[in-house]
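In: fold the following for me, if possible:
(2 chains)
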Amino acid sequence: MNRLNRDQMAARVARDIPEGAYVNLGIGLPTKVANYLPAEREIFLQSENGLLGMGPAPAPGEEDWELINAGKQAVTLLTGGCFFHHADSFAMMRGGHLDICVLGAFQVSVHGDLANWHTGEPDAIPAVGGAMDLAIGAKQTFVMMELLTKQGESKLVENCTYPLTGLGCVSRVYTDLAVFDLGPSGARVVEMVEGLDIEELRRITGLDLAFTKAAEPV
Amino acid sequence: MIDKAIDGAAAAVADIHDGASVMIGGFGTAGMPDELIDALIARGVGDLTIINNNAGNGEHGVAALIREGRVRKIVCSFPRQSDSHHFDAAYRAGKIELELVPQGNLAARIQAAGSGLGAIFTPTGYGTLLAEGKEVREIDGRHYVLEYPIQADFALIKAHKGDRWGNLVFRKTARNFGPIMAMAAKTTIAQVSQIVPLGDIDPEVVVTPGIFVQRVVEISPAHIAVAA
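Out: A predicted model of the protein is given here:
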């Protein structure tokens, strides 16, 4: 089957971000989505350390270390972009002003619970950052992740076993094998990669996935 | 004549005492008032409670305070990073207490303290480990967690320009926690790249009004090392 690589996953997420959207891309894999937003579409990228209208990385040697993103990488500001302090930044999330955030995850439950901040292992030093605020604050929270762990276990689960980041907050999950809509009634397959069928997807996830015949190939 | 300008970082932090609670601005190294922190280390005080987004990066700033064993407790959202080795070592050795706070709750609790609020109800963290044991309330169909303000004896922040009344403007994403920490501390000490005459900062663009700032110290950018 045609498993998507990480760039293809990013391109797939980018397709669903409309013109005019205010969007926060989480640290790690979601950052790649910015590379696939079409130039003709005006989209406002927010970074929770205090900028709106974030542009691409500067040319080497042009870095300004007082102009960084939440991952502490040097970035640029688009014309029309602006800066603000942390209380305003998180008001943008918690206050429901941000349209979309895209986050990575350890696990997502079929009802939209998210676990992405802490492995829960006894010797792990926990760090949460803005993950909990983003997860429950944005109007829509998308997760982007590989569907299976390296051991072949599904990261889309009936109930999360890792410590939770937020309850019922994820509406859509983009993976290398399929796209899922989540909600109170469970997970529904929206798209699958070519060569994968619903029975195989149910088998590898161990989940009772709803499926619309019209589901299109990714 | 009111003049909040202080000559030199050492004089600016000269009354920070053992056991003080100190807010320190900065997100990673952007906005971190390194020279004020160096002066605090040189003063030799310890048993400090530090409020910062992180728990130190590399060797400077908050990382140096932790390395020198001056921090009893840190309140932050994101302690563990690739370059937080001084915190990691102190934490694993049981030498530092950690209060982990989601970043937006950290900002809201600091702002609440500066605004004179008794507490806030926040949706962030509901149903998670970080809300365990805390009062929750359902308001209009949504669940909220009761969180208390975070205040401090001192705030050390970094701004771009300031004047002798303490009005401040910031530079790019170095603004981060500066404006709200300035509100939440009894004594706010701002390190600025330049002290300008009154009136030079357009009143329409003042970010932090001088009422929130007690001391201003000029540390010219020539003295500021470029962050790694």
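
In: residue in chain B nearest to chain A?
Out: B:Gly104 (3.2 Å; CB to the nearest CB). C-betas here are computed from N, CA, C, even on glycine.

In: pretty sure that residue sits in a helix.
Out: Yes: when classified by DSSP: H, G, I helix; E, B strand; the rest coil, B:Gly104 is found to be part of a helix.

In: was I right to think it contacts A:Gly137?
Out: Yes: taking contacts as CB atoms under 8 Å, B:Gly104 lies within contact range of A:Gly137: 7.3 Å.

In: so what sits against both of these two?
Out: In terms of CB atoms under 8 Å, 6 or more residues apart in numbering or on different chains, B:Gly104 and A:Gly137 are both contacted by the residues A:90, A:93-94, B:124.

In: give me the buried positions along the helix or strand containing B:Gly114.
Out: Assignment of secondary structure by DSSP states H and E places B:Gly114 within helix B:103-115. In terms of neighbour count (16 or more other CB atoms under 10 Å in any protein chain shown), helix B:103-115 has its buried residues at B:103-114.

In: list the contacts of A:Glu146.
Out: By CB under 8 Å, 6+ apart, A:Glu146 lies in contact with A:155, A:175-176.

In: which residues sit in contact with A:Met1?
Out: For A:Met1, the set of contacting residues under the criterion of CB under 8 Å, 6+ apart consists of A:177, A:193-196.

In: and what of A:Ile136?
Out: A:Ile136 makes contact with A:94, A:166-167, A:169, B:123-124, B:126 under the criterion CB under 8 Å, 6+ apart.

In: okay, and the beta partners of the nearest residue to it once chain neighbours are set aside?
Out: Once flanking residues are discounted, A:Ile136 sits nearest to A:Gly166: 4.4 Å by CB to CB, 6 or more residues apart in numbering or on different chains. Beta-bridge partners recorded for A:Gly166 (DSSP bridges): A:Leu114.

In: confirm that B:Leu36 sits in a strand.
Out: No: counting by three-state DSSP, B:Leu36 falls outside a strand, being helix.

In: that one touches B:Ala12, doesn't it?
Out: Yes: with the criterion set as CB under 8 Å, B:Leu36 and B:Ala12 qualify as a contacting pair; they are 6.6 Å apart.

In: quick one: common contacting residues for the two?
Out: Taking CB under 8 Å, 6+ apart as the criterion, B:Leu36 and B:Ala12 both touch B:189, B:191, B:217.

In: would you reformat those as JSON lines and include neighbour count, distance to A:Gln8 and secondary structure?
Out: Formatted as JSON lines, the shared contacts of B:Leu36 and B:Ala12 follow (neighbours: other CB atoms under 10 Å in any protein chain shown; distance: CB to CB, whole Å; DSSP: H, G, I helix; E, B strand; the rest coil):
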{"residue": "B:Ile189", "neighbour count": "27", "distance to A:Gln8": "51", "secondary structure": "strand"}
{"residue": "B:Gln191", "neighbour count": "25", "distance to A:Gln8": "47", "secondary structure": "strand"}
{"residue": "B:Val217", "neighbour count": "26", "distance to A:Gln8": "52", "secondary structure": "strand"}
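
In: can you pull out the strands in chain A?
Out: Counting by DSSP state E, residue ranges of the strands within chain A are A:22-25, A:44-47, A:51-55, A:76-83, A:100-103, A:107-109, A:114-115, A:140-144, A:156-157, A:170-174, A:178-183, A:186-192, A:210-217.

In: type out the ChimeraX command that picks the buried ones from the contacts of A:Ile136.
Out: The following ChimeraX selection, which keeps only the buried ones among these, applies the criterion 16+ other CB under 10 Å:
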select /A:94,166,167,169 /B:123,124,126
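
In: ok, back up a step: so what pLDDT did the residue nearest to A:Ile136 get?
Out: pLDDT, A:Gly166: 98.

In: now for the residue of chain B closest to chain A: which residues touch it?
Out: By CB under 8 Å, 6+ apart, the contact set of B:Gly104 is A:48, A:86, A:89-90, A:93-94, A:130, A:132-133, A:137, B:122, B:124.

In: export stretch A:176-189 as CSV, just CAs?
Out: Output for stretch A:176-189, consisting of C-alpha atoms alone and laid out as CSV, is shown next (Å, rounded to 0.1, in the frame of the first residue of the first chain):
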residue,chain,number,x,y,z
ASP,A,176,0.3,7.9,7.1
LEU,A,177,-2.4,5.4,6.4
ALA,A,178,-5.8,7.1,6.8
VAL,A,179,-7.6,10.3,7.9
PHE,A,180,-10.2,10.0,10.7
ASP,A,181,-12.9,12.2,12.0
LEU,A,182,-13.4,11.8,15.7
GLY,A,183,-16.4,12.6,17.9
PRO,A,184,-18.7,11.4,20.7
SER,A,185,-19.8,8.5,18.5
GLY,A,186,-16.3,7.3,17.8
ALA,A,187,-13.9,7.3,14.8
ARG,A,188,-15.0,7.5,11.2
VAL,A,189,-12.6,6.8,8.3
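
In: spell out the residue ranges of the helices in chain B.
Out: B:9-12, B:34-43, B:62-67, B:85-92, B:103-115, B:178-184 (DSSP state H).

In: next one: the longest one to chain centre, how far?
Out: Between the mean C-alpha location of helix B:103-115 and the chain-wide mean there is a distance of 11 Å, by CA atoms, centre = their mean, to the nearest Å.

In: what do you get for the shortest one?
Out: Centre-to-centre, helix B:9-12 and its host chain are 17 Å apart (CA atoms, centre = their mean).

In: put the alpha carbons of that helix into PDB.
Out: The C-alpha coordinates for helix B:9-12 follow below in PDB (Å, rounded to 0.1, in the frame of the first residue of the first chain):
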ATOM      1  CA  ALA B   9      22.900  45.600  37.200                       C
ATOM      2  CA  ALA B  10      24.500  45.000  40.600                       C
ATOM      3  CA  ALA B  11      22.800  48.100  42.200                       C
ATOM      4  CA  ALA B  12      19.500  47.100  40.600                       C
END
